[in-house]
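**Student:** need coordinates for the below:
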Amino acid sequence: PSVSPIKRAPFLPDAILGQINPITAQRTISRQMVLDAVDQNRLIADYRIELQSALATIATPMQACERALKEALTTTSIETQSILNYVRELGGKRLRPALLLLSAQLFGDVTEEAIRLAAVVELVHTATLVHDDVLDTASLRRHRPTVHCKWDVPSAILAGDWLFTQAYNLANAGDSTVPG
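**Tutor:** Presented below is the predicted three-dimensional model:
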């Protein structure tokens, strides 16, 4: 295949751009590289369609999971509650609970226990994000100030610890059929 130099291709990701020609200092790209990129974009589009289709099958359990999260994120401490409200409003993709619910659906039924455990998974994930933001000194999460920036580091650490503890309590709240 012929190789033609290209100076700028803003529509192509860097991963598919060819090597830099040492003589012309220009990147080269082959026709096959462009075709591969088009195929990759098709795969991504197919993946998104398949994911949306799968998520549609658990829409009702995901709504129940959101209700369980809202209920779990309550406390009598006014200061802690304001942080928890903020964390809940940050939202997220909820991919982990969705994967748990899809797995439950695949292997039988989406039970109340599965919904509760989906909320547990999301609480643990959220706790790790709050703590990681402190360790990484991240200033933004989902385009909004992180907990430690909006409040302070000790409050963020305690909020993350509270989320872990609440996840543990919620995990132990049901009558699990799993031994242990």
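**Student:** and the strands in the protein?
**Tutor:** Secondary structure of the chain, counting by DSSP state E: strands at 3-6, 27-30, 140-141, 144-145.
**Student:** what lies in contact with the third one?
**Tutor:** What it means is strand 140-141. For strand 140-141, the surrounding residues in contact (CB atoms under 8 Å, 6 or more residues apart in numbering) are Leu90, Leu129, Asp133, Thr146. In short, each C-beta sits where N, CA and C put it, glycine included.
**Student:** those residues in helices, which ones?
**Tutor:** Among these, the ones falling in helices (DSSP state H) are Leu90, Leu129, Asp133.
**Student:** among those residues, which one lies nearest to Leu123?
**Tutor:** The shortest separation between Leu123 and any of those is 10.8 Å, and it belongs to Leu129 (by CB to CB).
**Student:** what's near enough to touch the closest one?
**Tutor:** For Leu129, the contacting residues are Arg141, by CB under 8 Å, 6+ apart.
**Student:** start at 58, not 1
**Tutor:** Done: numbering now begins at 58, and the last item shifts to Leu186.
**Student:** need the pLDDT of it.
**Tutor:** Leu186 carries a pLDDT value of 97.
**Student:** do you know how far it is from Asn98?
**Tutor:** For Leu186, the distance to Asn98 under the criterion CB to CB, to the nearest Å works out to 30 Å.
**Student:** average pLDDT for stretch 145-162?
**Tutor:** When pLDDT is averaged along stretch 145-162, the result is 94.
**Student:** same question, stretch 197-211
**Tutor:** 96.
**Student:** that one spans what distance, first to last residue?
**Tutor:** 17 Å (CA to CA, to the nearest Å).
**Student:** alright, calling it a day.
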